[in-house]
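In: Generate coordinates for the sequence data below:
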Amino acid sequence: MRLKLKNLRQWMIGLVAAQAAGLFLLQSFFHANIFFALVILVIEAVMLFFAFERFNVFSDEQSKGVKNALGSAAREAYLTGEVGMIIYDDNYIITWMSDLFAERGIDKLGMKVLTWIPEADDLISGKADTSVCKVEDRIYQIKRKEDAPLIIFRDITETTTYKEKYTDEHVVVGMASYDNYDESINYVDEADAANINAAIRTPLIDYCNEYGILYKRLNNNRYLLVLNEKIFSKLMDDHFSILNKVRKSAQKLDVSITLSMAFARGAADFEEMDEMVSKLMDLAQTRGGDQVAVQAEGEEVKYFGGSSEATEKRSRVRVRVMSHALRDLIQKSSNVIICGHKTADFDCIGSAICLSRMVSALHKNVCIIAKTGGIEEKLDAAMKANMKELKEEVNFVTESEAINQLQENSLVIMTDHHNVKQSNGAGVLERAKKVVVIDHHRRSTEMGVKPVLVYIEAGASSTCELLTEMIPYVSQRIDISPLAATIMLAGIIVDTQKYRVRTGARTYDAASQLRQMGADPLTANDYLKDTFDEYSLKSKVISESERYKNGVIIASVKDKQLTRSLMSQVADILLGIQNVQAAFVIANTSDVETGISARSNGTINVQLIMEEMKGGGHMTAAAMQRKNTNVEAVRKELIETIDDYFKEEKK
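Out: Numbering: from 1, shown residues only. Here you go, the predicted model:
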């Protein structure tokens, strides 16, 4: 208001001056009589003067009226509570400010509200009830009165400072563990072992000292870490660079040692945090190691790193221990039910048949859920061609039939998966008292069950490989037929992409054992051959693929439904193209479900990309399925996720 009056006064003074100048010009050039005109002009000027004075008095009375309405006691209370107010007009120009701002030397009268406080935009537009702004060196919470042009300020500087300090000083419990340490140290001489220890421990100790982390060595390969939230936020900003430092130091000495870390946050109970950090470390290492698992109380686990493929870590001793534990559980159970994953493949059914033969050798009743949940086409054709022989060896049932066989002391085994959502026997698992998990996929955060035994080896090529190693330790009387061995061999061939990925010395050992059991490689490859229609469809999908940046290729199929098996096969073919580092195939897998099959040569971690889209898998092979969406929406989300992945990798 004051600014408007000031501008109007200047404009009127200019007008009166212009009129006076015009009268004098008339007298000078035309000798006109201007006496009466001058009298009128003087009267006009006097009236304008008194009018403006009256307006100023009215404005002052209005301001005093606001102050009087508050009352002196209220004003003191507002000042003590560090509460201020401003009033603005229809043009959002500040017309009054309370005493708090006067005491702090802030005078913004005549300025537009949003010019001074841009954060008030959402308040004025009604998008938010409150907001926070910073004025000079103070922080205020601001709120607009709905039925009046009034904004209330509350100084929250001290509250915010104390809150930040309180949060920064929260205790974070961490753990650091060297992956593959024992395997790398056991067979070297003392001098080499000392060099390896110095190379991998020095970076971690320097890292802890640099950031002020308290560390305590628990054993040869594990450290306890104690820090606060402020230090942890610095580690986050650093993107846990210690993982790269340890990996590079180990590579210089030609050993495959990496570092895994876990951090538990947000809990007041130290016993609870100790349990959290132990579980997180188990998660990080069963997912392949070389990564960080972080969890705040009540929140989901977040993973960082995981940029190297999981290596073989299981020893013969571990295989024997796991085999004996499985044997004891089978012997103490009344019967055994074996669950596979939905749309079962060769590795799933091959491992299930192997488990069934183990249980039969221990004289326990056993069944495999395979009549519900779906079966991959090539496997389905192979099973139908050999169904007579399979029925003599194993008992395939539906999920409902398995539920009817479930007893108080039944043992349920999940093979080739570890998440209830992926299982073809979810109803059985929900009711089961004893569950065993045997899998080779990188472990996801939630299983959905509480297993009594978990054998997850992300470094293994397939579940068939794991179970082939376990056969002699479970029982010497296990009879694996040539047909069962051939299906298991086909499972290894599929999961290794014909021995091109995730293939170690133990993989060839398992294939050799299966060959001795009567597995026929030619028959296994015949099971995996394409029909003419499948080959034509693959060629069409490949021709419609598009190159994306950084060696990524994407194939989107909008006009046809594809099976998951076919999608994975197309992704494998695309990965064989020169300069392609990762391939993604997107298609509808049913009327209500859209999926992605992802493959990588190891340069790009497709597991991390798929996990961001609520999928999972391995570093070089992963997938995702989602209901009630479409190919184009999934494609856009995939591209955004890939872009975010490369941004994070760049950091």
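In: State the number of residues packed around Ala296.
Out: Look at Ala296: counted by other CB atoms under 10 Å, it has 17 neighbours. No exception for glycine: its C-beta is placed from N, CA and C like everyone else's.
In: I'd like to know how far it sits from Tyr92.
Out: Ala296 sits at a distance of 41 Å from Tyr92 (criterion: CB to CB, to the nearest Å).
In: Val359 now?
Out: Where Tyr92 is concerned, Val359 sits at a distance of 78 Å (CB to CB).
In: The stretch 451-600 of the chain: helices as residue ranges?
Out: Ranges of helices in the stretch 451-600 of the chain, per DSSP state H, counting those that start in this stretch, are 463-474, 482-495, 505-516, 521-527, 532-543, 564-575.
In: Throw these into CSV and include mean pLDDT, thanks.
Out: Converted to CSV, these look like this (pLDDT from 0 to 100):
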stretch, mean pLDDT
helix 463-474, 96
helix 482-495, 95
helix 505-516, 94
helix 521-527, 94
helix 532-543, 89
helix 564-575, 89
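In: Now tell me what touches the helix or strand where Val132 lies from outside.
Out: Assigned by DSSP states H and E, Val132 belongs to strand 130-135. For strand 130-135, contacts defined as CB atoms under 8 Å, 6 or more residues apart in numbering pick out 106, 117, 119-120, 122-123, 139-143, 156.
In: at 6 Å what do you get?
Out: Residues outside strand 130-135 that contact it (CB atoms under 6 Å, 6 or more residues apart in numbering): 117, 119, 122-123, 140-143.
In: Also stretch 479-492?
Out: Contacts for stretch 479-492 (CB under 6 Å, 6+ apart): 346-347, 350, 353, 357, 386, 389, 462, 464-465, 511, 514, 517-520, 523-524, 527.
In: Any of these buried? List them.
Out: Taking 16 or more other CB atoms under 10 Å as the criterion, what is buried in these is 346-347, 350, 353, 357, 386, 462, 464-465, 511, 514, 517, 519-520, 523-524, 527.
In: a helix runs through Ile639, doesn't it?
Out: Yes: counting by DSSP: H, G, I helix; E, B strand; the rest coil, Ile639 falls inside a helix.
In: what's the distance between Leu429 and Lys165?
Out: 47 Å.
In: Give me the more crowded residue out of those two.
Out: Taking neighbours as other CB under 10 Å, Leu429 and Lys165 compare with Leu429 leading, 19 against 10.
In: so after the strand or helix carrying the more buried one, what's the next helix or strand?
Out: Element membership of Leu429, judged by DSSP H and E, is helix 426-431. Counting by DSSP H and E, the next helix or strand C-terminal to helix 426-431 is strand 434-439.
In: what residues does that next one touch?
Out: So strand 434-439 is contacted by 411-415, 417-418, 449, 451-456 (CB under 6 Å, 6+ apart).
In: Make a markdown table from those and add distance to Ser333, neighbour count and pLDDT to it.
Out: Compiled in a markdown table, those are given as follows (distance: CB to CB, whole Å; neighbours: other CB atoms under 10 Å; pLDDT from 0 to 100):
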| residue | distance to Ser333 | neighbour count | pLDDT |
| --- | --- | --- | --- |
| Leu411 | 4 | 26 | 96 |
| Val412 | 9 | 26 | 97 |
| Ile413 | 10 | 30 | 97 |
| Met414 | 15 | 28 | 97 |
| Thr415 | 16 | 30 | 96 |
| His417 | 20 | 25 | 93 |
| His418 | 20 | 28 | 91 |
| Val449 | 16 | 20 | 89 |
| Pro451 | 14 | 19 | 91 |
| Val452 | 10 | 13 | 92 |
| Leu453 | 12 | 16 | 92 |
| Val454 | 17 | 19 | 90 |
| Tyr455 | 17 | 25 | 92 |
| Ile456 | 21 | 21 | 89 |
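In: export these to a markdown table and tack on distance to Ser481?
Out: Shown next, in a markdown table, are these (distance: CB to CB, whole Å):
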| residue | distance to Ser481 |
| --- | --- |
| Leu411 | 23 |
| Val412 | 24 |
| Ile413 | 20 |
| Met414 | 24 |
| Thr415 | 18 |
| His417 | 25 |
| His418 | 28 |
| Val449 | 31 |
| Pro451 | 29 |
| Val452 | 30 |
| Leu453 | 26 |
| Val454 | 29 |
| Tyr455 | 24 |
| Ile456 | 28 |
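In: what's the closest of those residues to Ser177?
Out: Ile456 (16.4 Å; CB to CB).
In: I'd say the closest one and Thr286 touch.
Out: Yes: at 4.8 Å, Ile456 and Thr286 qualify as touching, with contact defined as CB atoms under 6 Å.
In: between the two, what contacts are shared?
Out: Arg443.
In: between Val359 and Tyr92, who's got more neighbours?
Out: Just comparing Val359 and Tyr92: by other CB under 10 Å the higher neighbour count belongs to Val359, 27 against 14.
In: Would you mind confirming that that one makes contact with Ile338?
Out: No: the criterion here is CB under 6 Å, and Val359 misses it with Ile338 at 8.0 Å.
In: other SSEs contacting the helix or strand hosting Ala262?
Out: Ala262 is part of strand 258-265, with elements assigned from DSSP H and E. On a contact count with 3 or more CB pairs under 6 Å, 6 or more residues apart in numbering; DSSP states H and E, strand 258-265 meets strand 171-179, helix 242-252, helix 270-286, strand 291-296.
In: rerun that using 10 Å as the cut-off
Out: strand 171-179, helix 190-211, strand 222-228, helix 229-237, helix 242-252, helix 270-286, strand 291-296, strand 302-305 (3 or more CB pairs under 10 Å, 6 or more residues apart in numbering; DSSP states H and E).
In: In JSON lines: the ones you listed, plus distance to Gln581 and mean pLDDT.
Out: Shown next, in JSON lines, are the helices and strands packed on strand 258-265 (distance: least, CB to CB, whole Å; pLDDT from 0 to 100):
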{"stretch": "strand 171-179", "distance to Gln581": "24", "mean pLDDT": "94"}
{"stretch": "helix 190-211", "distance to Gln581": "28", "mean pLDDT": "92"}
{"stretch": "strand 222-228", "distance to Gln581": "34", "mean pLDDT": "94"}
{"stretch": "helix 229-237", "distance to Gln581": "27", "mean pLDDT": "92"}
{"stretch": "helix 242-252", "distance to Gln581": "19", "mean pLDDT": "91"}
{"stretch": "helix 270-286", "distance to Gln581": "25", "mean pLDDT": "88"}
{"stretch": "strand 291-296", "distance to Gln581": "20", "mean pLDDT": "92"}
{"stretch": "strand 302-305", "distance to Gln581": "19", "mean pLDDT": "84"}
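In: would you list those in TSV and tack on distance to Ile403?
Out: Converted to TSV, those look like this (distance: least, CB to CB, whole Å):
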stretch	distance to Ile403
strand 171-179	40
helix 190-211	50
strand 222-228	42
helix 229-237	46
helix 242-252	45
helix 270-286	29
strand 291-296	34
strand 302-305	35
